[in-house]
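Asks: Got a predicted structure plus its sequence, pasted below:
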Amino acid sequence: MGETLRVGQVLRYTSVKDPSEPTIDGYANFHHTTHADGHKRALLESGINGMAKVTVNGRPRRPAILIRSSPWKAGSEQTPWHDVFDMDNGHVRYFGDHKAGTTKPTGTTTGNAALLEAFEEHQAPTPEARAGAAPLLLFRAVSRDGRVKGFVEFCGVGVIERAERIVQWAGHEHTTFTNYVYDIALLDLTAENDQVDWDWITARRGTAVSDQDALAKAPRGWRDWTKRGHSALPRIRRRVAKARITKVRDQRPAPGSPRHKDLQFVYRQFDERKHDFEAVASAVAARVLRGTGHNYREGWITRRSGDGGADFVGRIDLGTGLAGTSLVVLGQAKCVRPESLVSAEQIARVVARLRRGWLGVYVTTGAFSEQAQLEMVEDQYPIVLVNGTDLARELRVMARDDHGDDLAACLNHILYVQGVPVAHRRPEEILLD
């Protein structure tokens, strides 16, 4: 691997453009990072910087388009627009380079022409055509050490989803002009630790390197997009929320481990006794919520019919007296094969039953799909997820603390001694108890 660009990395961009020093003023030197012997410098002199095309197998290929946004210029007469960089959700809205007073037809300025050409490539219907499409490398100017010039932040790799011709105000001139605005999807670089290997771009600059050979050096998200097109974007779009997502493999205990054996034991005990599992889920939910320092009270297990979609009900008490309040907790219990996944739709059905101010708890012997977790984080669902590994761990701790490390005795205690009642009551009645 050669030099890399890391999302969020600030690079020094000097007017000298000397590639010999790896760092300048303590920052990575942009011209060193993007240097390639035998090739012209990569530049950010303009907002839209299309690298010179090369001819590969008789067809032109643009290695990349480097985009720079300068927020400190936004709203000025030179730059009356405001670019939007929503890196958490993988979206950039970027305005083209047509300006008030430009005599060229809209779309024919250097930058717009390059992006419109890239947009056509990004809309190509086949993987073979998309393999030659120019990736967008996005940067934005940032201030450092009291200076607003000479520093850029790398923001990622993008593809153009939409290009729209619009009418804009021309700053202080009180006139309008037409321009293009581009909606750009930033791709997920998790597999590359949020980095881009510059060797990929260098390969795309080589006349003897085929599209497919260059593609082998591309980030996985770009390869997926090349293969499937825009239909892949919901899955490969950059999402910062993913940092809070637990991979499915990390929700499952290692095969043959003590926790794996405990989980299998629990599943076998309740595979044919789903309703009994609801009492176990209620007890585990109580332990999890109390473990966060809350005053939690178990309520009841709902009857098998007419439960309104809830399997158990509880209550969290916050504060005391006039400075206190209580919240209804609606629980869902799913005893499924430990290899099973709980989907986003299943989580959403539970959330749909929550009233304002209520909380949800979903306890399962399976695991939660990454998409389900992502939607929970992004939509801020008020729900606690307890997967099979967490369930087995909590039950083993309960068995160790109170039942001589006998898991079967622990489960029997929950079912036959602890005695959480089965009732047909409205959830909000828990607030009156």
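Replies: Yep, that arrived.

Asks: show me where the stretch 1-150 of the chain has strands.
Replies: With DSSP state E, counting those that start in this stretch as the definition, the stretch 1-150 of the chain shows strands at residue ranges 4-6, 10-12, 23-24, 27-29, 48-50, 54-56, 59-61, 65-69, 84-86, 91-95, 136-141.

Asks: quick one, phi/psi of residue 187?
Replies: Phi and psi for residue 187, reported as degrees, to the nearest 10, are phi -90, psi 150.

Asks: Any idea how many residues pack against the nearest residue to it once chain neighbours are set aside?
Replies: What sits nearest to residue 187 in space, not counting adjacent residues and going by C-beta to C-beta, 6 or more residues apart in numbering, is residue 221, at 3.6 Å. From N, CA and C alone the C-beta is placed, and that goes for glycine too. Around residue 221 there are 26 other residues, counting by other C-beta atoms under 10 Å.

Asks: Name the next helix or strand downstream of whatever helix or strand residue 221 lives in, please.
Replies: For residue 221, the enclosing helix or strand under DSSP states H and E is helix 220-228. Sequence-wise, the next helix or strand beyond helix 220-228 is helix 233-236, with elements assigned using DSSP H and E.

Asks: quick check, distance from that following helix to the centre of its chain.
Replies: Distance, stretch centre to chain centre, for helix 233-236: 9 Å (C-alpha atoms, centre = their mean, to the nearest Å).

Asks: Could you list the buried residues of it?
Replies: Within helix 233-236, the residues scored as buried using 16 or more other C-beta atoms under 10 Å are 233, 236.

Asks: hmm, who's touching the very next helix or strand once past it?
Replies: Read in the C-terminal direction, the helix or strand following helix 233-236 is helix 258-270, with elements assigned using DSSP H and E. For helix 258-270, the surrounding residues in contact (C-beta atoms under 8 Å, 6 or more residues apart in numbering) are 252-254, 276-277, 280, 335, 337-338, 365, 388-389, 391-393, 395-396, 407-408, 411.

Asks: Quick check: ChimeraX command selecting the buried ones in those residues.
Replies: For the buried members of the contacts of helix 258-270, the matching ChimeraX selection, counting by 16+ other C-beta under 10 Å, is:
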select :252,253,276,277,280,335,338,365,388,389,391,392,393,395,396,407,411
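
Asks: Please report the distance of the residue nearest the centre of the chain from residue 391.
Replies: In the chain, the centroid-proximal residue (C-alpha atoms, centre = their mean) is residue 239; its distance is 2.0 Å. Look at residue 239 and residue 391: by C-beta to C-beta, to the nearest Å, they are 27 Å apart.

Asks: Quick one, which of the strands of the stretch 1-150 of the chain gets closest to residue 328.
Replies: Counting by C-beta to C-beta, residue 328 lies closest to strand 84-86 out of these; the figure is 34.4 Å.

Asks: Please tell me how far the closest one is from the chain's geometric centre.
Replies: For strand 84-86, the gap between its own C-alpha mean and the chain's C-alpha mean amounts to 15 Å (C-alpha atoms, centre = their mean).

Asks: other SSEs contacting that strand?
Replies: Applying 3 or more C-beta pairs under 8 Å, 6 or more residues apart in numbering; DSSP states H and E, one finds that strand 84-86 makes contact with strand 91-95.

Asks: Would you agree residue 285 is in contact with residue 329?
Replies: Yes: contact between residue 285 and residue 329 holds when scored by C-beta atoms under 8 Å: they sit 7.4 Å apart.

Asks: Which helix or strand contains the residue nearest to residue 405 when sequence neighbours are not counted?
Replies: Nearest residue to residue 405 in three dimensions, chain neighbours excluded: residue 399, at 5.6 Å (C-beta to C-beta, 6+ apart). With elements taken from DSSP H and E, the one containing residue 399 is helix 388-402.

Asks: In this structure the residue nearest to the centre of the chain contacts residue 89, no?
Replies: Yes: shown here, residue 239 and residue 89 form a contact pair, counting by C-beta under 8 Å, at 6.7 Å.

Asks: which neighbours do these two share?
Replies: residue 378.

Asks: for residue 319, what are its contacts?
Replies: When the contact criterion is C-beta under 8 Å, 6+ apart, the partners of residue 319 are residue 325.

Asks: Can you report phi and psi for it?
Replies: Residue 319 adopts backbone torsions of phi 70, psi -170, taken as degrees, to the nearest 10.

Asks: where's it relative to residue 313, distance?
Replies: Computed as C-beta to C-beta, the residue 319 to residue 313 distance reads 21 Å.

Asks: same deal with residue 422?
Replies: Applying C-beta to C-beta, one obtains 11 Å for the distance of residue 422 from residue 313.

Asks: Who has more neighbours out of those two?
Replies: Between residue 422 and residue 313, counted using other C-beta under 10 Å, residue 313 has the larger neighbour count: 25 against 13.

Asks: out of everything not next to it in sequence, what's closest to the more buried one?
Replies: Spatially, and ignoring its direct neighbours in sequence, residue 313 is nearest to residue 299 (4.0 Å; C-beta to C-beta, 6+ apart).

Asks: Any figure for the gap between that neighbour and residue 290?
Replies: Distance, residue 299 to residue 290, using C-beta to C-beta: 14 Å.

Asks: These two: which has the busier surroundings?
Replies: The neighbour comparison of residue 299 against residue 290 (other C-beta under 10 Å) goes to residue 299, with 24 against 13.

Asks: does the more buried one really touch residue 315, like I thought?
Replies: Yes: because the distance of 6.1 Å satisfies C-beta under 8 Å, residue 299 is recorded as touching residue 315.

Asks: Can you work out which residues contact both of the two?
Replies: Between them, residue 299 and residue 315 share these contacting residues under C-beta under 8 Å, 6+ apart: 430, 433.

Asks: Now tell me what touches the longest helix seen in the chain from outside.
Replies: In terms of residue count, the longest helix belonging to the chain (DSSP state H) is helix 274-291. Contacting residues not belonging to helix 274-291 are listed as 266, 270, 296-298, 301-302, 304, 311-312, 314, 316, 329, 331-333, 335, 361, 363, 365, 384, 386, 390-391, 394-395, 397-398, 411, 414-415, 418, 420 [C-beta under 8 Å, 6+ apart].
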